[in-house]
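Engineer: Turn this into a model:
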Amino acid sequence: MAGKPSDPAAAALLACALRHPVDVTEGVAVVQALGQMLDSRDAVRALTALSECHPARTVRRASRTLLRAGGS
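Structural biologist: Numbers count the residues shown, from 1 in each chain. Here you go, the predicted structure:
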């Protein structure tokens, strides 16, 4: 997994998404919230971790898409 974020907000969002892996709606909401923080290196780390490790394919894809788009 990518390095753990040290920003408390990014870390909390990542933990939430991983704590409830079957809640895809919540996972996508977390991705969207992290997308609003892409100026933060920790948010990018959290999105990278989700894109690599989240059990839900939809969340992994949403994370990858957002990372490729640069948050737009």
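
Engineer: how far out from the middle of the chain is the host helix or strand of Ala12?
Structural biologist: When elements are assigned from DSSP states H and E, Ala12 belongs to helix 8-19. Taking the mean C-alpha point of helix 8-19 and that of its whole chain, the gap between them comes to 8 Å (Cα atoms, centre = their mean, to the nearest Å).

Engineer: who's in contact with that helix?
Structural biologist: 4-5, 26-27, 30-31, 33-34, 37, 40, 42-43, 45-46, 49-50, 53-54, 59 (Cβ atoms under 8 Å, 6 or more residues apart in numbering). Quick note: C-beta positions are derived from backbone N, CA and C, even for glycine.

Engineer: when you check the residues you listed against the helices, which ones overlap?
Structural biologist: Counting by DSSP state H, the members of the contacts of helix 8-19 that fall within helices are 26-27, 30-31, 33-34, 42-43, 45-46, 49-50, 53, 59.

Engineer: Serialize the residues you listed to TSV and add fields for pLDDT, distance to Ala10 and neighbour count.
Structural biologist: What follows is those, written out as TSV (pLDDT from 0 to 100; distance: Cβ to Cβ, whole Å; neighbours: other Cβ atoms under 10 Å):
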residue	pLDDT	distance to Ala10	neighbour count
Glu26	96	16	16
Gly27	97	15	24
Val30	97	10	27
Val31	97	12	26
Ala33	96	9	17
Leu34	96	7	29
Asp42	93	4	20
Ala43	93	5	24
Arg45	94	7	21
Ala46	96	5	31
Ala49	96	10	21
Leu50	97	11	27
Cys53	95	15	16
Val59	98	15	25
